[in-house]
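Enquirer: coords please:
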Amino acid sequence: MPTDDTVTETSAFHRARQRSIPLLPGLGACAIAVLISLGVHSLVPSLPAMTIAVVLGILVANLPGISLLTRGVLSPGLGFAGKKLMRAGIVMLGLKLSIVDILGLGWAAFGIVVAIVLLAFAGTYLVGKLFKLPGDAPLLIAAGFSICGASAIGAMAGARRVRPTDTVMPVALVTLCGTLAIAVLPLLMEPLSLNNIQFGQWVGASVHDVGQVVATAQVAGPAALAAALVIKLTRVMLLAPIVFFAAMGTRRSAKNSQHDNGEAEKPAPLPPLIPLFIIGFALMIGIRSLGILSPEMLEAGAILQDVFLGAALFGLGAAVSIRELLSSGMRGIMVALLSWILIGTLGYAGVQLMSI
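Expert: You can find the predicted model right below:
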C-alpha cells in the first residue's frame, strides 16, 4: 500500500501538472513567435529579433479572431512569459557584460555615460510626471529609455511590484522609438559631422535595446559597432544599482503602509531589498568578467537570452490593444518622443565631450 508520503508526493505532482497545463498553449505560441523572430532577423539582420517579437505580439492581439485567443486560452502562458521569462532573460543579459571591457573606456568616458543615464532618467521621469502619466508609468518609461529598453522596464516592474499588464504601454513606446532610431539616426550622421567612431558612441549612448543598437550602428561599419556596444553595455551595467534603489523605495513604502495600517492586520511580507533576478544578473556579470566561459558557452547564453526575452516581449506585445493605446496613450506617446529627443541630445553632447 502507498504510504502517506507517497500519496502526498503524488498529489503535489498532480497539482503542479494541473497548474502547468494552462500555460502550454500560450508558451507554445511564444515559442513559435521566437522562431519566426529569429528567422526573420537571420534573413534581415537590420531588423532586431526582439523588435519583431513585440510587433508579432501586437499583431496577434489586434487581428480579428486571433485576438480572442490571446484573451482566452493563450492568456495564462502569455502572462507567465511576460513576467517570469522576462526576469530569466534579464539574468542571462548579464553574460554580455564584462567589467574589463567597461573599465577599458576610462574613467572620464565612464563618468560621461553615467551622467547621460542619470540625466535621461531624471528628465524622462519629470516629463512623465508633468504629463500626469498614471502610477509607475513615468518610472518604467524612464528606465526603458535611459538604460536598456524593455529589459529595464521588466526589471523596474519587478522591483516596484508592478503588474505585467502595466508594463504594456512603456514596452510599446520604447519599441516604437527604438525602431525609429534604426531609421533616423544613420540619416543624421553626416549632418551632425560624426565620424564612424563618434556615430557608434552616439548610438550606444542614445538607443534603447541592445539589438536596436546593433542594427543602427552596423551601418557605419565594425568600428562603429564596437564603439556602440561598449557604451551601450556600460549603460546596461547601471541597471543593477538603479533597480536596487527602486527596490529600496518599494520596501520603504511597504513599511510605511504597514505602519499606517497599525497592528490590527497581519503585515504583508516586505519586498526583497534586492530582487532575486537582479542578484542573478550581477552574478552573470561576475562570471563573464572572470573569463572562465568558452565562446561556445557565451553563444549558448546569448541564444537563451534571446529565447527568454523574445518570448517575454511577444507575451507583453500580445497584451497591447492599439485602439486603447491610441485613445488613452497619447500622453505616453508625447513623453516617449520627448524622452527620445532628450537622450539623443544628451548622447550627442556626451560624444562631443569624449572627443575633447
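
Enquirer: A157 touches P164, doesn't it?
Expert: Yes: look at A157 against P164 with Cβ atoms under 8 Å: they come within range, at 7.0 Å. C-beta coordinates here come from the backbone N, C-alpha and C atoms, glycine included.

Enquirer: who has more neighbours, the two?
Expert: Higher neighbour count among A157 and P164: A157, with 26 against 22, using other Cβ atoms under 10 Å.

Enquirer: which stretch of helix or strand covers that one?
Expert: helix 149-160 (DSSP states H and E).

Enquirer: helices or strands up against the helix or strand following that helix?
Expert: Beyond helix 149-160 on the C-terminal side, the first helix or strand identified by DSSP H and E is helix 168-188. Contacts defined by 3 or more Cβ pairs under 8 Å, 6 or more residues apart in numbering; DSSP states H and E place helix 168-188 against helix 49-62, helix 137-143, helix 149-160, helix 196-206, helix 210-217, helix 295-317, helix 330-354.

Enquirer: for the ones you listed, which one sits closest to V230?
Expert: helix 196-206 (6.8 Å; Cβ to Cβ).

Enquirer: how many neighbours does the nearest residue to A122 once chain neighbours are set aside have?
Expert: Nearest non-adjacent residue to A122, counting by Cβ to Cβ, 6 or more residues apart in numbering: A142, 7.6 Å away. Neighbourhood size, A142 [other Cβ under 10 Å]: 28.

Enquirer: so what's A142 up against?
Expert: 120-122, 124-125, 128, 339 (Cβ atoms under 8 Å, 6 or more residues apart in numbering).

Enquirer: show the contacting residues for Y125.
Expert: The contact partners of Y125, taken as Cβ under 8 Å, 6+ apart, are 138-139, 142.

Enquirer: with those in mind, which one is nearest to F277?
Expert: Closest to F277 out of these is L139 (17.5 Å), distances taken as Cβ to Cβ.

Enquirer: how near is the closest one to V40?
Expert: Counting by Cβ to Cβ, to the nearest Å, the gap from L139 to V40 is 32 Å.

Enquirer: the two: which has the busier surroundings?
Expert: Neighbour count, other Cβ under 10 Å: between L139 and V40, L139 has more, with 24 against 18.

Enquirer: go ahead and confirm that one touches M156.
Expert: Yes: using Cβ under 8 Å, L139 is in contact with M156, at 6.1 Å.

Enquirer: show me whatever sits in contact with both of those two.
Expert: A246.

Enquirer: and the residue nearest to the spatial centre of the chain, how close does it get to L185?
Expert: Centroid-nearest residue in the chain: S151, 1.3 Å away (criterion: Cα atoms, centre = their mean). To L185, S151 is 20 Å away according to Cβ to Cβ.

Enquirer: one step back: okay if I get the helices and strands packed on helix 168-188 as CSV plus mean pLDDT and distance to V174?
Expert: Shown next, in CSV, are the helices and strands packed on helix 168-188 (pLDDT from 0 to 100; distance: least, Cβ to Cβ, whole Å):
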stretch, mean pLDDT, distance to V174
helix 49-62, 89, 9
helix 137-143, 93, 7
helix 149-160, 88, 5
helix 196-206, 95, 13
helix 210-217, 88, 9
helix 295-317, 92, 10
helix 330-354, 93, 7
